[in-house]
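A.B. asks: Below are the sequence and a predicted model; questions follow.
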Amino acid sequence: MIRRNSKKKSENTIEKKTKNRQHKKETEQIMRIEELEKMMSEAGEDVDPETIVSMYLPRRRAKRLGAALLRLDKLHLWLMGLLLLIAVLFIIAFMQEKMGNFTINLNRLELYRKGISIASDGDFTEPTARLTAHTVQDATNITLEDLPKDIDEIDGDHNGKNYMAYTYYVRNAGKEDLAYNAIVTLDSCAKGAEEAVRVAVWKNGEQVVYAEPAKNGQAEEGCVNFEAHDIVCSYTEEKFLIGNVDKYTIAIWMEGEDPECVDAIVGGSVEFSMNIDAISDDNTSLLVKLIQDIKDTLTGDKPISAAGTEAPNYYQGGEVTWKNRRNQ
């Protein structure tokens with residue numbers, strides 16, 4: 001009798017738990033229906049079917065959340081792999097010595113608009129206000145004697161295996177004589193490579209080699225000291241007459257005979273630029289300059305282009321080139 005009562009109590013307990021679960025499930029469904037009715041009343045017809053399905057299929061919503069987390073993990077892995085690849089490429093890039101880009105910049109406002117321009121050839125087939133040399137990759141140290149003897153006779157970009165070389169021309173095809181400064185600057189360096197670098201400049205055929213001072217402060221053999229740590233040298237042309245053309249060749253290399261050319265600088269780099277500017281700036285306001293340009297346009301007095309992208313040629317004697325220059 002006791003066993004029957006115990007069995008009956010157990011069955012009642014199970015039945016009660018089952019009814020509770022069913023009641024809880026029905027309550028949740030009623031709650032979801034109420035949520036759905038509320039959402040549809042607020043959003044109208046703009047209800048995402050996926051949202052409705054996920055309300056009745058909570059497992060699906062959990063699966064979607066898990067899939068999102070899995071995608072996030074894959075994204076993290078992809079980003080980590082990309083960062084690792086970038087780091088490897090960065091290390092490889094700096095495992096070799098290299099000469100950075102060399103750029104020549106001409107002041108557009110004070111010089112270019114006045115008829116001063118630069119070009120990579122003596123005929124000025126493409127006069128401009130900016131020139132850029134290519135980078136030398138995987139360079140090793142050499143000496144001055146390793147440079148070609150005709151390095152000053154080749155126009156434009158003519159790098160060698162272990163040196164950078166660029167020849168360009170600057171001309172005055174303007175309306176007035178003027179003066180300019182050409183300054184070679186050290187723009188960036190890494191791992192002390194600037195201590196062993198050499199910068200040779202030929203101006204109209206005359207060569208000077210520049211280097212950082214030796215450890216004792218004296219000039220390296222056969223070199224002239226940098227004017228400052230970030231200024232290699234400067235050239236001043238006091239009388240750059242109408243019809244004049246100046247020729248510059250710049251060569252850059254790592255000097256193997258320099259005591260500072262040691263293993264520690266392997267992977268180092270240097271970057272230089274040459275900036276050409278007027279010695280005395282024209283303090284005339286931009287408004288006055290604009291009025292003058294309009295006047296030149298109306299009178300046909302060799303006006304500059306409206307876009308300012310074409311090099312003006314005001315010279316009355318025709319095209320100014322290296323061969324027919326006045327300063328021969």
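C.D. replies: Great, that's in hand. Numbers count the residues shown, from 1 in each chain.
A.B. asks: Surely residue 179 and residue 238 touch.
C.D. replies: Yes. Using CB atoms under 8 Å, residue 179 is in contact with residue 238, at 4.9 Å. C-beta here means a position set from N, CA and C on the backbone, and glycine is covered the same way.
A.B. asks: I'd guess residue 235 is in a strand, am I close?
C.D. replies: Yes. Counting by DSSP: H, G, I helix; E, B strand; the rest coil, residue 235 falls inside a strand.
A.B. asks: and residue 314, helix, strand or coil?
C.D. replies: Secondary structure, three-state DSSP: residue 314 is coil.
A.B. asks: Pull the number of nearby residues for it.
C.D. replies: Neighbours of residue 314 under the rule other CB atoms under 10 Å: 18.
A.B. asks: just checking, it touches residue 172?
C.D. replies: No. Using CB under 8 Å, residue 314 makes no contact with residue 172, being 9.4 Å away.
A.B. asks: Touching both of these two, which residues are there?
C.D. replies: Common contact partners of residue 314 and residue 172 (CB atoms under 8 Å, 6 or more residues apart in numbering): 115, 242.
A.B. asks: For stretch 151-160, C-alpha coordinates in PDB please.
C.D. replies: Output of stretch 151-160 as PDB, limited to C-alpha atoms (Å, rounded to 0.1, in the frame of the first residue of the first chain):
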ATOM      1  CA  ILE A 151      78.300  60.500 -65.100                       C
ATOM      2  CA  ASP A 152      77.900  64.200 -65.700                       C
ATOM      3  CA  GLU A 153      77.200  63.700 -69.400                       C
ATOM      4  CA  ILE A 154      74.000  61.600 -69.100                       C
ATOM      5  CA  ASP A 155      70.700  63.400 -68.800                       C
ATOM      6  CA  GLY A 156      67.900  62.600 -66.400                       C
ATOM      7  CA  ASP A 157      67.700  59.600 -64.100                       C
ATOM      8  CA  HIS A 158      70.700  57.300 -64.600                       C
ATOM      9  CA  ASN A 159      71.300  55.200 -61.500                       C
ATOM     10  CA  GLY A 160      73.900  52.500 -61.300                       C
END
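A.B. asks: Give the buried residues for stretch 157-176.
C.D. replies: 157-160, 162-175 (16 or more other CB atoms under 10 Å).
A.B. asks: more neighbours, residue 179 and residue 238?
C.D. replies: residue 179 (12 against 9).
A.B. asks: Where does pLDDT dip in the stretch 101-250 of the chain?
C.D. replies: The model of the stretch 101-250 of the chain has no residue with pLDDT under 70.
A.B. asks: Quick check: mean pLDDT of the helix or strand residue 82 falls within?
C.D. replies: Secondary structure from DSSP states H and E places residue 82 in helix 58-93. The average pLDDT within helix 58-93 is 63.
A.B. asks: can you pull out the strands in the protein?
C.D. replies: 97-106, 116-119, 130-132, 136-139, 156-157, 164-172, 178-190, 197-203, 206-211, 224-225, 231-240, 245-254, 269-278 (DSSP state E).
A.B. asks: contacts for the third one?
C.D. replies: Where contact means CB under 8 Å, 6+ apart, the residues beyond strand 130-132 that reach it are 101, 102, 103, 104, 105, 106, 118, 119, 120, 166, 168.
A.B. asks: sorry, back to before: shared neighbours, residue 179 and residue 238?
C.D. replies: The contact sets of residue 179 and residue 238 overlap at residue 279 (CB under 8 Å, 6+ apart).
A.B. asks: Farthest-apart pair in the contacts of strand 130-132, please.
C.D. replies: Greatest spacing in these, by CB to CB: 101 and 119 (18.4 Å).
A.B. asks: So if I had to pick from these two, which one is more boxed in?
C.D. replies: residue 119 (22 against 15).
A.B. asks: Once you drop chain neighbours, what's closest to that one?
C.D. replies: The shortest distance from residue 119 to any non-neighbouring residue, by CB to CB, 6 or more residues apart in numbering, is to residue 127 (4.9 Å).
A.B. asks: quick one, what contacts the one you found?
C.D. replies: Contact analysis of residue 127 by CB under 8 Å, 6+ apart lists 117, 118, 119, 171, 311, 313.
A.B. asks: what two of the residues you listed are the furthest from one another?
C.D. replies: Once CB to CB is applied, these give 118 and 313 as the farthest pair, at 13.6 Å.
A.B. asks: So which of these two has more stuff around it?
C.D. replies: A count of neighbours by other CB under 10 Å puts residue 118 above the other of residue 118 and residue 313, at 25 against 17.
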